[in-house]
Every structure is written in structure tokens, then in C-alpha cells.
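>>> sharing a model prediction with you, sequence too.
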Amino acid sequence: MDDSERGTPWVVGVSGASGTPYAAAVLRALLHAGEAVDLVVSRAARLTVLDETGAPFRDAHWREDLARWLARGADGTPDRFETDLSRVRYWSAGDLAAGPSSGSYPVRGMLIVPASTACVAGVALGLSKDLLQRVASVTLKERRPLVVAVRETPLGGQTLRHLVALDEAGAVVLPASPAFYAGARDIQDLVDFVAGRVLDAVQVPHKLYRRWEGELGAAGAGAGGAAAD
């Protein structure tokens, strides 16, 4: 599929924070919604993917590694999901000449899922030490949507100041904080809630979780998340 058929992509950046299931859920939902994706996986994130999934993520084999990663459930179940990767374009984190490094390259915005505190600091300070940080800086300067799904606890004062700076620059700071009112049945439901809130921030439609409708006790009555749809 060429770029004209893919459409204007979202850039998804995956940093080295724990939380690779969040990234997988966001990627699956974007692709299922018919969106195009430009993917950047930081060098630290490769270690996290290996640690949390037991499988590597390699530049030269990114498509087969991504397929295996996205097929895996948050509970570790292999081959739980099936996803079409034809709308994905992968850029190495070390490629500072990549398309998304320039403001003239058309993208809809950027989602950093998960965002480590090191990534937050780099973006807030405009360091652009790798492609992920560079694309985030370009996203801000071009006034495009930027969602930063920070995954850390507790948060120190310096990180809090960096998050405030990102908010003031126009980014959406979205802690990876699952909710329980949606009637979560398993860990995948909790992961999907966070992924759904990321997509809500950029108005991409999805059915990842049951939305609040003002009815107390609905979760306990058996209303589930996306698995019930």
C-alpha cells in the first residue's frame, strides 16, 4: 500500500517505560479504525518489549516482530488478536533524517505511549536526542495534537514541572491510569481503558471500553468493556 492509499498517519512513539500492552492496544485500535500509523520505537523501548513480552523488536524484522507483539494479550496470551499491518510504516529511532523529523512531512499528530520520565524530560526541554523526541518537538512547533501517556509512579517534582511545561506547550498529558467503572473483567480491559482515553484525546472512534452513562452499579451488573461488544 502506497502513501496515497494509506492516508495521513498518526505517529505513535513508544518509549522505554513499562507498559508495552498500552502501546499495543493503541496501535491495534488505530489500525482497526482505518487509521495509518508511522511507528517509532526507542532503543530503550526495545529492551522493555523484550522484558515484557519475551520477544525482541528488531529494525530488520520489525514487521514480524510487530505482528507477534500486537497479537499478544496483556495477560501474555499469544495470538489473541489479529491486526492488518498494511497501514504501518516503521522508522528507526536513530534515523534523524526520517520523514516525520520534518514539519513538512504530513501527519495528523503524535501519541507517545507509554512515555517514560526521560522521554517527558527530553520533549519538554526540546533535546531531540532521537527520532521520537524530535518528532514530538516538531509536533509541538507545528501545533499538531500531541498526547503524552506518562507511565511512572510516584512522580518527582522535576517530572511534574516537565509535565506542566508540556501542558502549557499544548500537549495532552494523559497518565496511564485505568478506571474501574467500565466493568473490567481482566487486565486487557484495564489496558484498553487507557488506550481508549488516548484515542479519545485525538477524537479517533473506538469501542475499547464502556462509557459512563450516569447509571450507578452498571459495571457490577455485568456490563463489560470491548469484549462485550
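Okay, I see it.

>>> so the residue nearest the centre of the chain, which state does it fall into?
With distances taken as CA atoms, centre = their mean, Val113 lies nearest the centre of the chain, 3.2 Å away. Secondary structure state of Val113, per DSSP: H, G, I helix; E, B strand; the rest coil, is strand.

>>> that one contacts Ala23, correct?
Yes. Val113 sits in contact with Ala23 when judged by CB atoms under 8 Å, with a separation of 4.8 Å. Using the backbone N, CA and C atoms, a C-beta is placed for each residue, glycine as well.

>>> can you list residues touching both of these two?
Val12, Val14 (CB atoms under 8 Å, 6 or more residues apart in numbering).

>>> for Glu168, list the residues it contacts.
Contacts of Glu168 by CB under 8 Å, 6+ apart: none found.

>>> after the helix or strand hosting it, which helix or strand is next? Please name it.
In this assignment (DSSP states H and E), Glu168 forms part of helix 157-169. Per DSSP H and E, the first helix or strand lying C-terminal to helix 157-169 is strand 172-173.

>>> quick one: list the elements packing against the longest helix that the chain contains.
Longest helix of the chain, by residue count under DSSP state H: helix 187-201. The helices and strands touching helix 187-201, judged by 3 or more CB pairs under 8 Å, 6 or more residues apart in numbering; DSSP states H and E, are helix 20-32, strand 109-115, strand 146-150.

>>> buried sites along that helix?
Across helix 187-201, burial judged by 16 or more other CB atoms under 10 Å covers 188-201.

>>> got the residues you listed as JSON lines, with distance to Phe180 and pLDDT columns?
Shown next, in JSON lines, are these (distance: CB to CB, whole Å; pLDDT from 0 to 100):
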{"residue": "Gln188", "distance to Phe180": "14", "pLDDT": "97"}
{"residue": "Asp189", "distance to Phe180": "9", "pLDDT": "97"}
{"residue": "Leu190", "distance to Phe180": "8", "pLDDT": "97"}
{"residue": "Val191", "distance to Phe180": "13", "pLDDT": "98"}
{"residue": "Asp192", "distance to Phe180": "13", "pLDDT": "97"}
{"residue": "Phe193", "distance to Phe180": "9", "pLDDT": "97"}
{"residue": "Val194", "distance to Phe180": "12", "pLDDT": "98"}
{"residue": "Ala195", "distance to Phe180": "16", "pLDDT": "98"}
{"residue": "Gly196", "distance to Phe180": "14", "pLDDT": "98"}
{"residue": "Arg197", "distance to Phe180": "14", "pLDDT": "98"}
{"residue": "Val198", "distance to Phe180": "18", "pLDDT": "98"}
{"residue": "Leu199", "distance to Phe180": "19", "pLDDT": "98"}
{"residue": "Asp200", "distance to Phe180": "17", "pLDDT": "98"}
{"residue": "Ala201", "distance to Phe180": "20", "pLDDT": "98"}
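
>>> show me which of the residues you listed is closest to Leu50.
Val191 (18.9 Å; CB to CB).

>>> tell me the contacts of the closest one?
Counted by CB under 8 Å, 6+ apart, Val191 has contacts Pro21, Tyr22, Ala25, Ala74, Pro178.

>>> for the second one, give me its contacts.
Okay, so that is Tyr22. Taking CB under 8 Å, 6+ apart, one finds Val113, Pro114, Ala149, Arg151, Ala176, Val191, Val194, Ala195, Val198 in contact with Tyr22.

>>> now with 6 Å, please.
By CB atoms under 6 Å, 6 or more residues apart in numbering, the contact set of Tyr22 is Val113, Pro114, Ala176, Val191, Val194.

>>> one more: the third one?
Ala25 makes contacts with Val191, Asp192, Ala195, as judged by CB under 6 Å, 6+ apart.
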